[in-house]
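A.B. asks: I'll drop the sequence and a predicted model, then ask my questions.
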Amino acid sequence: MGELGQVTEQTARDLIADGGLLFLFLILLLILFTWL
């Protein structure tokens, strides 16, 4: 379980480093859908 969490955290960091704006856009979409 710990290893999986580490991999997920690393993947998240890579996504933010590669395309932080895209990551934020996806989060905004998620928030929008929850409001609908």
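C.D. replies: Looks like it came in fine.

A.B. asks: Which of the helices or strands spans Leu22?
C.D. replies: helix 2-35 (DSSP states H and E).

A.B. asks: Where does the prediction get shaky in the protein?
C.D. replies: The chain contains residues with pLDDT under 70 at 1.

A.B. asks: one more time with 90, if that's ok
C.D. replies: Within the chain, the stretches with pLDDT under 90 are 1-26, 35-36.

A.B. asks: before we move on, the earlier item: buried ones in the helix holding Leu22, by neighbour count?
C.D. replies: By neighbour count on 16 or more other C-beta atoms under 10 Å, the buried set for helix 2-35 is empty. Heads up, the C-betas are built off the backbone N, CA and C, glycines and all.

A.B. asks: distance between it and the chain's centre?
C.D. replies: How far helix 2-35 lies from its chain's middle: 1 Å, per C-alpha atoms, centre = their mean, to the nearest Å.

A.B. asks: any idea how far Ala17 is from Trp35?
C.D. replies: Here the criterion is C-beta to C-beta, to the nearest Å. By it, Ala17 lies 29 Å from Trp35.

A.B. asks: ugh, wrong one, I meant Val7
C.D. replies: According to C-beta to C-beta, Val7 stands 31 Å off from Trp35.

A.B. asks: and if you look at Gly2?
C.D. replies: Applying C-beta to C-beta, the value for Gly2 to Trp35 is 35 Å.

A.B. asks: Also Asp14?
C.D. replies: Asp14 is 29 Å from Trp35, by C-beta to C-beta.

A.B. asks: ok, now Ala12?
C.D. replies: Between Ala12 and Trp35 the distance is 24 Å, computed by C-beta to C-beta.

A.B. asks: Please apply the same query to Leu26.
C.D. replies: 15 Å.

A.B. asks: and if you look at Leu21?
C.D. replies: Distance of Leu21 to Trp35, given as C-beta to C-beta: 21 Å.

A.B. asks: ok, now Thr11?
C.D. replies: 27 Å.

A.B. asks: swap in Gly20?
C.D. replies: Plainly put, Gly20 is 23 Å away from Trp35 if you go by C-beta to C-beta.

A.B. asks: and if you look at Thr8?
C.D. replies: Taking C-beta to C-beta as the measure, Thr8 falls 26 Å from Trp35.
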